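J.: Take this sequence and fold it.
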Amino acid sequence: MATTTTTTTPASTATSSAATVPITASSGSHGKKTDLQASYQALTAGLQTLYQPDDVFHMKSGTYGRDELIGQFQKFVGLAEKTKQAHLAWRDAVQVEHDFEVQVRTLRAGVRGIVTVRFGKDGTQLMQFGFTQGKQSKKTAATKAEAVTKTKATRVARGIKGKKQRKAIKAPATAAPSSGQTAPAGAPAAAPAAPSNNR
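T.: Model prediction:
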């Protein structure tokens with residue numbers, strides 16, 4: 001027959017701790033989850049050290065033996081550890097996937113180039129390979145020719161010249177003034193000669 005003990009002061013403390021800390025996985029950061037896991041490990045160690053296997057804990061949700069509580073807490077710790085390992089394995093798998101995608105990315109680009117040459121950049125067959133179909137040009141040959149003509153006419157009307165035409169334009173050479181030419185306007189006049197004193 002199982003021995004039932006009365007709730008002692010340490011049991012009351014354990015009851016309070018168990019009632020206030022929910023036995024659920026935290027959805028917070030990895031650090032918080034690790035701290036939560038460590039708190040349940042400490043709780044299990046405290047129960048094993050300070051209570052006997054036949055001690056009973058009376059709670060609002062029911063009556064639990066010490067080892068029954070320890071079993072529940074250890075189960076949570078084990079599940080948390082599995083989640084941690086699964087998360088690390090997932091991160092490793094994501095890295096492997098990324099590295100391999102970098103390798104096959106160039107192969108995919110090569111296939112796209114080949115099928116584009118065969119079917120055209122606006123060919124509907126590109127969608128069967130998972131590529132985006134290029135947009136068809138809405139301009140006809142006549143429209144393009146008209147646009148070229150208008151552009152040339154605009155350049156002529158505005159006097160726009162090309163690079164070669166600008167280089168061909170040269171300023172006329174300036175002729176050197178001769179001795180018989182008058183002084184340029186604005187130049188100071190020569191001083192008159194002084195009168196001679198010989199009579």
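
J.: what about Tyr64, neighbour count?
T.: Using other Cβ atoms under 10 Å, the number of residues around Tyr64 comes to 18. Using the backbone N, CA and C atoms, a C-beta is placed for each residue, glycine as well.

J.: any idea how far Ala89 is from the nearest residue to it once chain neighbours are set aside?
T.: What sits nearest to Tyr64 in space, not counting adjacent residues and going by Cβ to Cβ, 6 or more residues apart in numbering, is Phe57, at 5.0 Å. According to Cβ to Cβ, to the nearest Å, Phe57 and Ala89 sit 37 Å apart.

J.: returning to what we had before: just to check, the residue nearest to Tyr64 is in contact with Arg66?
T.: Yes - look at Phe57 against Arg66 with Cβ atoms under 8 Å: they come within range, at 7.1 Å.

J.: okay, stretch 80-93 in CSV with CA atoms only?
T.: The C-alpha coordinates for stretch 80-93 follow below in CSV (Å, rounded to 0.1, in the frame of the first residue of the first chain):
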residue,chain,number,x,y,z
ALA,A,80,12.8,20.0,-26.1
GLU,A,81,16.1,18.3,-26.8
LYS,A,82,14.6,16.5,-29.9
THR,A,83,13.3,19.8,-31.1
LYS,A,84,16.7,21.4,-30.7
GLN,A,85,18.4,18.6,-32.7
ALA,A,86,15.7,18.8,-35.4
HIS,A,87,16.3,22.5,-35.7
LEU,A,88,20.0,22.1,-36.1
ALA,A,89,19.5,19.4,-38.7
TRP,A,90,17.1,21.6,-40.6
ARG,A,91,19.6,24.4,-40.7
ASP,A,92,22.3,22.1,-42.0
ALA,A,93,19.8,20.9,-44.7
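
J.: how about low-confidence regions in the chain?
T.: Applying pLDDT under 70 to the chain picks out residues 1-30, 136-139, 161, 171-199.
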